[in-house]
Structure formats: C-alpha cells, structure tokens
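Asker: Could you look at this predicted model? Sequence included:
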Amino acid sequence: MAGMGAIPQGALGPVMVLNAKTQRQTGREAQIGNIHAARAVADIIRTTLGPRSMLKMLLDPMGGIVMTNDGHCILREVDVSHPTAKSMIELSRSQDEEVGDGTTSVIILAAEMLILAEPLLRSQLHPTIIVQGYNTALQAALDICNAQALHLDINDDVAMTKLVTSCMGTKFSSRWNDILVPMAIRSVLTVARQSTDKTEVDIKRYAKVEKIPGGEMSDCEVLDGVMFNKDVTHAKMRRRIENPRILLIDSPLEYKKGESQTNVEITNEEDWSTMLRIEEEYVENLCAEIIAFKPDIVCTEKGVSDLAQHFFHKAGITVFRRLRKSDNNRVARATGATIVSRTDEIQESDIGTKCGLFEMRKIGDEYFCYLIKCEDPKACTIVLRGGSKDVLNEMERNLTDAMQVVRNVVFEPKLLPGGGATEMAVGVGLMKKGEMVDMGVRKGAFQAVGKGMEVIPRTLAENCGVSVIRTVTQLRAKHAEAFEEGDDGVAVQKPCRWGVNGVTGKVEDMDKLGIWEPYSVKVQTIKTAIESACMILRIDDIVSGTKKK
C-alpha cells in the first residue's frame, strides 16, 4: 500500500453531490442576496408609514381588488419567490397575531438592520460577531424603552382616546376618528373579563364586526348586545319582545334522521300511519319540554321542522334556526344563557334573562335580529356602515388594529411616545453607550443598531415631504440634550419625548401633541426586527432545487 503513488489533488474532477438542477448560493453571495431581498420587501411598504401614508392597490388571484395601507395586508397579498423575502413577510404576520399593530415598522426596521450589516460583512467582520453585537444592543434598547415608558390608567378615557387616535391616525379611516376611536375602546372594554389572577380579552370570538354596505358613517355603532343576520322561521312569530327569556340549543328540533341509510318494509297499512304518528309525537314531545320553561326566543344551530314551528307559534315563541356556532356563543355571553345539547336536560338557570330588548330590523334587503340593552354584556357586535365594500373592508382592518392596541394596553398599561421619539431615544442612547463601553470588534455592530433605529423618524419625514437630513439632525440634537452627567461621571439618559409630527413633518414634543403608542407594540417591534435580522445574517448557504416527482 505504501508503495502506491498518491493521487494528485484535483485529478478526479469535482464530485457532484447535489442534483444538476439545484441552484446554490454560498457564503458572502448568499448573505448579500438576503440583504437585497429584505430591502426589496421593505421598499414595497416604506411609503405606507405614518399619517401621510399612501395606499396600495393590489389585485388578488381571484381578480378582486384590495386597497389598503396596512403593512400586513399588503404583504399577505404579494407573491414572492425568494426564501428570505418570504421569511420577512412572516415577520409582519407574527407581529399582527401577537400585538396587532406595528406591522409596517417591523419590516422597515428589520430591513434597515440588515442593510447596515452589509458594510460590516464587506469589511470581513464575521456574521457571528455582528449577531453578538446586535443581541447586546437589543438588551440595551429594551432598557432604554423601559426608562422612557409612562404608566397609564385604563379607566382614564382621555388618555385612552389619545392612544387609539395616534394608532388610527396613520390609517385610511383617520378622518372618522371621532366615531371609530370610542367604538374601539368601548368594544374591548365590553369583552374584557377580569378573573382573580388574569384578564381575558377575546376580541376575535366575542367582538364581531358586521359590515353592511350603505347608510352613513354616523350610523356605525357598538351594540350593548349582539345582532345576527337571520329572520324568524315563521312569518307570524313576534318580532319585538321586551325583556325576553332566551333559550339556546345546539340540537335539531325535527325528527331524528338515521345516521346511515335505512330501509323499512311495511306490510300493514296501519303501521305506516303509526310511524308517522310516532314522528309527530317525538317532535311534539321536544317542543313540550321547551315550552314548559316558557322561553320567548329559541335559537338552534340545527334545523326546525314545520311541525315544531307550528307548536312554537301557538305558544307565542319566536324561533331562529341554523345559527352559526360563533353567533350562538356570543348570544350566550351577552344574555347570560347556557347552550343546551338535549331538550330533556334544560334547567331554569340555562335561560338567558339579561337581554333588555329583542327586535327584528330590515336594513337594505336583509333582516337582522337585534338582542340589545343587555345588562353587563360580555360580547358585542360592531355595526359598520359605509359607501362601498372596499371602504368597509379597510375600515374593518383599521378598527381591528385599534382594538388590538386597546387590548395590549389592558394587558400591560404602559405607553411610549410615538412619532419616532422612542426609536430616536434608543438610537441616540445606543450610539452614546457604544462610545462609553469597551466592546472591541462588536462596537460597530452595536452602534449599527442605534443608527438603524433612525429609519422610523427618517421615513416619517420622507413621507411628509420635508427635508429629511435637517429634520433628523434636529431630532438627534434634541435627544442628545437629554443626557446628564451622573454622580459617577457616567452620562445618564433622561426621558425625552421629542419626535416627528407625521402631519407637518416638524420636530415637536409628543407629550404636548398627545401621540402615544402601547409599550408592548414598540418592544415587540424592536425584538422581532433585531432577532429576525440576526437569524437572516447567520444564513450562509441557500440551496434551492426541484425534487423528482
């Protein structure tokens, strides 16, 4: 063996491990490609930040049109092929699910972090060191946010209104703020439930938005109860009842059909009439068990036979059939009723008595059932009226964002100044801290986060059409003045609430202007943006290829 000559390197040629069709980007090429993809995604929605934002018109695959300036909604409709761009779009989705607002900011911030990492990568700094610097900066940024935060009393209507107004101010529906803001606050505080150790606010399940085209914007309202799009099953049933007794059932009020196909052979003529009589007696028995409790309204999620309608009509009971499960749950929460599965198990405590008024209303061509004037309802319906379907859809998106903002504050009653003030405070604080603390090679990455934070006030100024350099320099100077020398000679950062007025583009005090944002939204935005930038920077190989079918 030892006598054999060694095979010279490279004589065998390259070894093909991957399929020939596979595309592969490695090392620096992959990292720079990722940064460019992130920048492209951010550029799509950069103009939708702030009160002077533009709308985007998107055509979905079905040929429908979406007009919106909601970052998450735009990116959800955009079809991208680059894997990093897809992961960026996931960011706005997770932000939307977690806190409901800040979907545009998180994309712009994450892209800026990656753009500022590019010169560091080109100067041969290892991605791991950049990631370490970014993570250290994230902790420092969260500390600065904590110091800037202001505590809020959620029962203070004026402060809550200011908060929701600043959230809605950047949206398409901001001109109807005086109608929509109180609606968002009222609906969330209606569905909030206090238990001994935690607060539960389930907007998705118990605050239903009902969009009805037509009418005036001033017709929008939050009902002190619920409504659903159903008419009574029998034309002569009562259509208005005060203080009704309501019974909710999720079983059918008709003869039970066999689970599988059943054939019955009858030889005797009397047997046929006996079978029909048994069916009728079964339905009559069901109705008798319900009528015994004297309800005024019966709602079932299943069907109601004609015979059952006849018995209920005779007893003066109004019946609704085939309600959605979600509607039934809302009616139960609002009226204090319990949904019953079997008629023979009904108890007096299952009847809902907290509703003050039931009435049927006709809006347009549809009939709607209103169960209103409920005493302490824990569910509500928000009725939106407007000119067209597109306007209503955009209003619903804006209202949902506003409700999420109120929900976040109910959970964590802390605020941070808006208008780019928090981002600039974090940016200036990180730049100062980077100079004071000896970090070695991580210093560049640490300060890059500080510089990246300035993208939010910069974009706000850009969208207003004012001189960006002059505005951002003025704002930076205001925040630099907030540093005082402490007892030990180390500069201490005082809370500074100067930011960019998104309407005029001037540098103003956000405290006087009354522009505040929830602490949880801001902190989640910063965390998500920096953590995702770190994850994307650590990718050094992209392999994409088609598998054999």
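Answerer: Yes, it's here. Numbers count the residues shown, from 1 in each chain.

Asker: Quick check: pLDDT value at G10.
Answerer: Per-residue pLDDT puts G10 at 54.

Asker: and if you look at the one 4 residues further on?
Answerer: Model confidence at P14, given as pLDDT, is 61.

Asker: avg pLDDT for stretch 381-393?
Answerer: On average, the pLDDT along stretch 381-393 is 85.

Asker: Low-confidence stretches in the chain?
Answerer: Scanning the chain for pLDDT under 70 picks out the ranges 1-22, 196, 258, 485-491, 545-549.

Asker: tell me the centre residue of it?
Answerer: Nearest to the mean C-alpha position of the chain, counting by C-alpha atoms, centre = their mean, stands G100 at 3.5 Å.

Asker: isn't that one right up against R407?
Answerer: Yes: between G100 and R407 there is a contact under C-beta atoms under 8 Å: 7.3 Å. Any C-beta I mention is one placed from the backbone N, CA and C, and that applies to glycine too.

Asker: For the residue nearest to the centre of the chain, which non-adjacent residue is closest in space?
Answerer: Leaving aside its chain neighbours, G100 sits nearest to Q404 (2.4 Å; criterion: C-beta to C-beta, 6 or more residues apart in numbering).

Asker: Please tell me how far the helix or strand that that neighbour is a member of is from the chain's geometric centre.
Answerer: Assessed by DSSP states H and E, Q404 sits inside helix 389-411. Distance of helix 389-411 from the chain centroid (C-alpha atoms, centre = their mean, to the nearest Å) equals 8 Å.

Asker: Buried residues in it, which are they?
Answerer: Neighbour counts over helix 389-411 (16 or more other C-beta atoms under 10 Å) mark 390-411 as buried.

Asker: what packs against whichever helix or strand comes after it?
Answerer: Going down the chain from helix 389-411, the next helix or strand is strand 414-417, by DSSP H and E. With contacts taken as 3 or more C-beta pairs under 8 Å, 6 or more residues apart in numbering; DSSP states H and E, strand 414-417 sits against helix 127-148, strand 150-151, strand 516-518, helix 519-537.

Asker: cutoff 10 Å now
Answerer: Contacts defined by 3 or more C-beta pairs under 10 Å, 6 or more residues apart in numbering; DSSP states H and E place strand 414-417 against helix 127-148, strand 150-151, helix 157-168, helix 421-436, helix 510-513, strand 516-518, helix 519-537.

Asker: could these be laid out in TSV, adding mean neighbour count and distance to D344?
Answerer: Listed next are the helices and strands packed on strand 414-417 as TSV, based on neighbours: other C-beta atoms under 10 Å; distance: least, C-beta to C-beta, whole Å:
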stretch	mean neighbour count	distance to D344
helix 127-148	19	58
strand 150-151	12	54
helix 157-168	20	48
helix 421-436	24	60
helix 510-513	16	63
strand 516-518	28	50
helix 519-537	23	48
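
Asker: So for D350, which of these sits nearest?
Answerer: When these are compared by C-beta to C-beta, helix 157-168 sits nearest D350, at 36.3 Å.

Asker: would you list the helices and strands packed on strand 414-417 in CSV and tack on distance to G499?
Answerer: Shown next, in CSV, are the helices and strands packed on strand 414-417 (distance: least, C-beta to C-beta, whole Å):
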stretch, distance to G499
helix 127-148, 11
strand 150-151, 14
helix 157-168, 11
helix 421-436, 3
helix 510-513, 5
strand 516-518, 10
helix 519-537, 12
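
Asker: Please, where are all the strands along the stretch 201-350 of the chain?
Answerer: When assigned using DSSP state E, counting those that start in this stretch, the strands of the stretch 201-350 of the chain occupy the ranges 207-213, 221-222, 226-228, 240-242, 246-249, 297-300, 318-320, 339-340.

Asker: so how far is the first residue of stretch 311-322 from its last?
Answerer: Distance between the two ends of stretch 311-322: 18 Å, counting by C-alpha to C-alpha, to the nearest Å.

Asker: List the buried residues for that stretch?
Answerer: By 16+ other C-beta under 10 Å, the buried positions in stretch 311-322 come out as 311-313, 315, 317-321.

Asker: same thing with stretch 461-479?
Answerer: Those would be 461-464, 466, 468, 471-472, 475-476, 478-479, for stretch 461-479 by 16+ other C-beta under 10 Å.

Asker: out of these, which are inside helices?
Answerer: Among these, the members falling in helices are 461-464, 468, 471-472, 475-476, 478-479 (criterion: DSSP state H).

Asker: now, among those residues, which is nearest to V543?
Answerer: V543 lies nearest to E462 out of those, by C-beta to C-beta, at 37.5 Å.

Asker: Format the ones in helices among the buried residues of stretch 461-479 as a markdown table; extra columns: distance to G71.
Answerer: Listed next are those as a markdown table, based on distance: C-beta to C-beta, whole Å:
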| residue | distance to G71 |
| --- | --- |
| A461 | 19 |
| E462 | 16 |
| N463 | 13 |
| C464 | 18 |
| V468 | 21 |
| T471 | 23 |
| V472 | 22 |
| L475 | 23 |
| R476 | 26 |
| K478 | 28 |
| H479 | 26 |
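
Asker: Please identify which of those is nearest to M360.
Answerer: Comparing those against M360 with C-beta to C-beta places N463 closest, at 47.4 Å.

Asker: Now the helix holding Q404 - C-alpha only, PDB.
Answerer: What follows is helix 389-411 as a C-alpha-only set of coordinates in PDB (Å, rounded to 0.1, in the frame of the first residue of the first chain):
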ATOM      1  CA  LYS A 389     -67.400  47.200   0.200                       C
ATOM      2  CA  ASP A 390     -63.700  48.300  -0.200                       C
ATOM      3  CA  VAL A 391     -64.200  51.200   2.200                       C
ATOM      4  CA  LEU A 392     -65.900  48.800   4.700                       C
ATOM      5  CA  ASN A 393     -63.100  46.300   4.400                       C
ATOM      6  CA  GLU A 394     -60.400  48.900   5.100                       C
ATOM      7  CA  MET A 395     -62.400  50.300   8.000                       C
ATOM      8  CA  GLU A 396     -62.700  46.800   9.500                       C
ATOM      9  CA  ARG A 397     -58.900  46.300   9.200                       C
ATOM     10  CA  ASN A 398     -58.300  49.700  10.900                       C
ATOM     11  CA  LEU A 399     -60.800  49.100  13.600                       C
ATOM     12  CA  THR A 400     -59.300  45.600  14.300                       C
ATOM     13  CA  ASP A 401     -55.800  47.300  14.700                       C
ATOM     14  CA  ALA A 402     -57.300  49.900  17.100                       C
ATOM     15  CA  MET A 403     -59.000  47.200  19.200                       C
ATOM     16  CA  GLN A 404     -55.700  45.200  19.400                       C
ATOM     17  CA  VAL A 405     -54.000  48.400  20.700                       C
ATOM     18  CA  VAL A 406     -56.600  48.800  23.400                       C
ATOM     19  CA  ARG A 407     -56.300  45.100  24.300                       C
ATOM     20  CA  ASN A 408     -52.500  45.400  24.600                       C
ATOM     21  CA  VAL A 409     -52.900  48.300  27.000                       C
ATOM     22  CA  VAL A 410     -55.400  46.500  29.100                       C
ATOM     23  CA  PHE A 411     -52.900  43.700  29.500                       C
END
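
Asker: Okay, angle between that helix and strand 207-213 too, please.
Answerer: Helix 389-411 runs at 160 degrees relative to strand 207-213, counting by axes from the mean of the first three to the mean of the last three C-alpha atoms, to 10 degrees.

Asker: Can you lay out the strands of the stretch 201-350 of the chain as CSV showing distance to T136?
Answerer: Formatted as CSV, those follow (distance: least, C-beta to C-beta, whole Å):
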stretch, distance to T136
strand 207-213, 41
strand 221-222, 46
strand 226-228, 51
strand 240-242, 65
strand 246-249, 56
strand 297-300, 58
strand 318-320, 60
strand 339-340, 53
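
Asker: Just the helices from the stretch 151-300 of the chain, written as ranges.
Answerer: For the stretch 151-300 of the chain, the helices defined by DSSP state H, counting those that start in this stretch cover 157-168, 177-191, 203-206, 269-291.

Asker: Using TSV, lay out the ones you listed together with distance to L125.
Answerer: Output for the helices of the stretch 151-300 of the chain, formatted as TSV (distance: least, C-beta to C-beta, whole Å):
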stretch	distance to L125
helix 157-168	38
helix 177-191	46
helix 203-206	44
helix 269-291	75
